[in-house]
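Asks: Please work out how this folds:
(4 chains)
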2 protein chains.
Amino acid sequence: MRCLLIEDENKVADFVARGLRAERFAVDVARDGESGWDMASANDYDLVILDLMLPKLSGTEVLSRIRRKNTSVPILILTARDATAEKVRHFEAGADDYLTKPFAFAELLVRIKSLLRRGPVARENVLRVDGLELDRLTQQVKRDGRRIELTSKEYSLLEYLMSHPARVFSRTMIIEHVWDQSFEGLTNIVDVYIRHLRAKVDDPFPQKLIRTVRGVGYCITEEPGT
Amino acid sequence: MRCLLIEDENKVADFVARGLRAERFAVDVARDGESGWDMASANDYDLVILDLMLPKLSGTEVLSRIRRKNTSVPILILTARDATAEKVRHFEAGADDYLTKPFAFAELLVRIKSLLRRGPVARENVLRVDGLELDRLTQQVKRDGRRIELTSKEYSLLEYLMSHPARVFSRTMIIEHVWDQSFEGLTNIVDVYIRHLRAKVDDPFPQKLIRTVRGVGYCITEEPGT
DNA sequence: GCCGGCATTAAGGCTGCATTGACGGCAAAT
DNA sequence: ATTTGCCGTCAATGCAGCCTTAATGCCGGC
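Replies: From the prediction side, this is the model:
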């Protein structure tokens, strides 16, 4: 789950970013409207959290630019308390939800989860491939009933693969969804993490689920051939 | 247990806040209706104690706003007036209990405990994880029958962790539930208190119950790795 | 069979998070 | 006024997880 946070107040930005990272999100932070818009248009986010009071380019402007670009990424507006008229205006401009500062992180999280769930493709809370099971709520992974401990990166990678079983993901797509911007350059980082996953998820079992598609990428599936 | 007290009379506010803190509640105090409403909407309380005679925004108004927001937090009304008609009106507006001033602190406490007990999820009075036992009534903690002395903060933290065994709590969530509003900014206070708890709860025993989930948070569980 | 390129894997350095002990401030108790 | 104990801060240390690098293995084309 990759997410963009556009917020100029350091305290709020750090607070939210830290909380989301603990929830295993890959979080990019933009400190003003301009770079926020740049990043939103350059990358493919699963969620945008947008403050309205921003230097350089107002949040309202960023919102309408993103929508003009016709992307359907969920956008959650974050702002100081203000008039309901404003609220309606922003909903019409394409915001999906609205939260006034100050807010409790728990509430933000609830709203985010609900936003992600009601996407175009219904988001399952439990993903299953053969005996492998990933619970998005508790973030626990099991295979044949036995718990498997994963690090944050390993978990995010597995979640991404399992979000579309049998679909082949290229290394580029994987990097764009699982890693955040702090990452650049072409390395074999994906291959390495596939290795880590295999060590925990496939190695102890006879049936291998993670498949390499030469020249293309990786996918997760129960059928060996296909 | 986090609780919001909305009361403008300093004497009463201090009296109640002190009493509740002695009972190990994390107490936020609002001195007028407006900030009371702000805080109620911003945070996630387990209980709200509301005076009716308030500057800026009446308690009645605060009550109906909270209910309009559709939260089910228990609300206890606190007021000088004793008219039965008023009382009924407020019950209809969503109050859960009603206490007229002056009152004995002991009585307030009894009503609070009964309110908390009849929450949507039946509240267990004794929490257990392996040999560790926390009694919410006497606020005593034992492990393998031996009493463990905890300070208020340590107790609150342990209670929170034990309220959902095996669930991982992020530092952000822990701060929101165990500390009160006076707290903000990024510190390692949670880590420090986890240390204190471990010193008393885990260090003297071979089986460790408090587990760190790196990059995410902490949880309490009997299973070590699995 | 040979070669080039891609995939796999092991090993290691680095970074930042987690851990821990010590310290000063504060409030309650004596 | 002094003491005691709790709270929150800070900084030193250690270590886990992240990413890189490079050696090796495998596959397909010629």
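Asks: Show me what the helix or strand of chain A with the lowest mean pLDDT is in contact with.
Replies: Sorted by mean pLDDT, DSSP states H and E, the helices and strands of chain A end with helix A:84-92, the least confident at a mean of 76. In this structure, residues lying in contact with helix A:84-92 by CB atoms under 8 Å, 6 or more residues apart in numbering or on different chains are A:52, A:60, A:63, A:77, A:98. The C-beta positions use only the backbone N, C-alpha and C, and glycine is treated the same way.
Asks: please redo it, this time with the cut-off set to 10 Å
Replies: By CB atoms under 10 Å, 6 or more residues apart in numbering or on different chains, the surrounding residues in contact with helix A:84-92 are A:50, A:52, A:59-60, A:63-64, A:75, A:77, A:79, A:82-83, A:95-98, A:100.
Asks: How about stretch A:179-194?
Replies: Counting by CB under 10 Å, 6+ apart, stretch A:179-194 makes contact with A:2-4, A:21, A:25-30, A:39, A:42-43, A:151, A:153-154, A:156-158, A:161, A:169-176, A:178, A:195, A:202, A:210, A:212, A:217-218, all of which sit outside it.
Asks: dump the residue contacts of the nearest residue to residue A:22 once chain neighbours are set aside.
Replies: Leaving out its chain neighbours, the residue that sits closest to residue A:22 by CB to CB, 6 or more residues apart in numbering or on different chains is residue B:170, at 3.7 Å. Listed by CB under 10 Å, 6+ apart, the contact partners of residue B:170 are A:18-23, A:105, A:109, B:176, B:190, B:213, B:215-218.
Asks: hmm, which of those residues are the buried ones?
Replies: A:19-23, A:105, A:109, B:176, B:190, B:213, B:216-218 (16 or more other CB atoms under 10 Å in any protein chain shown).
Asks: And those residues, which is closest to residue B:117?
Replies: Distance from residue B:117 was checked for each of the buried ones among the contacts of residue B:170 by CB to CB. The minimum falls on residue B:176, at 22.7 Å.
Asks: returning to what we had before: between the contacts of residue B:170, which sits nearest residue A:131?
Replies: The nearest member of the contacts of residue B:170 to residue A:131, counting by CB to CB, is residue B:213 at 23.7 Å.
Asks: Show me what that closest one is bridged to.
Replies: According to DSSP bridges, the residues that bridge with residue B:213 are residue B:217.
Asks: quick one: pLDDT of it?
Replies: Residue B:213 carries a pLDDT score of 92 in this model.
Asks: One more: residue A:199?
Replies: The model reports residue A:199 with a pLDDT of 92.
Asks: May I have the helix or strand hosting it as CSV, with CA atoms only?
Replies: Assigned by DSSP states H and E, residue A:199 falls within helix A:189-201. The C-alpha coordinates for helix A:189-201 follow below in CSV (Å, rounded to 0.1, in the frame of the first residue of the first chain):
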residue,chain,number,x,y,z
ILE,A,189,16.3,-5.6,-4.6
VAL,A,190,13.0,-7.2,-5.7
ASP,A,191,14.8,-10.5,-6.5
VAL,A,192,16.4,-10.4,-3.1
TYR,A,193,13.1,-10.0,-1.3
ILE,A,194,11.5,-12.7,-3.4
ARG,A,195,14.3,-14.9,-2.1
HIS,A,196,13.5,-13.9,1.5
LEU,A,197,9.8,-14.6,1.0
ARG,A,198,10.5,-18.0,-0.5
ALA,A,199,12.7,-18.9,2.4
LYS,A,200,9.9,-18.3,4.8
VAL,A,201,6.8,-19.1,2.7
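Asks: in that helix, what's buried?
Replies: When neighbours are counted by 16+ other CB under 10 Å, the buried residues of helix A:189-201 are found to be A:189, A:190, A:193, A:194, A:197, A:200, A:201.
Asks: Since that was my last question, I'll sign off now.
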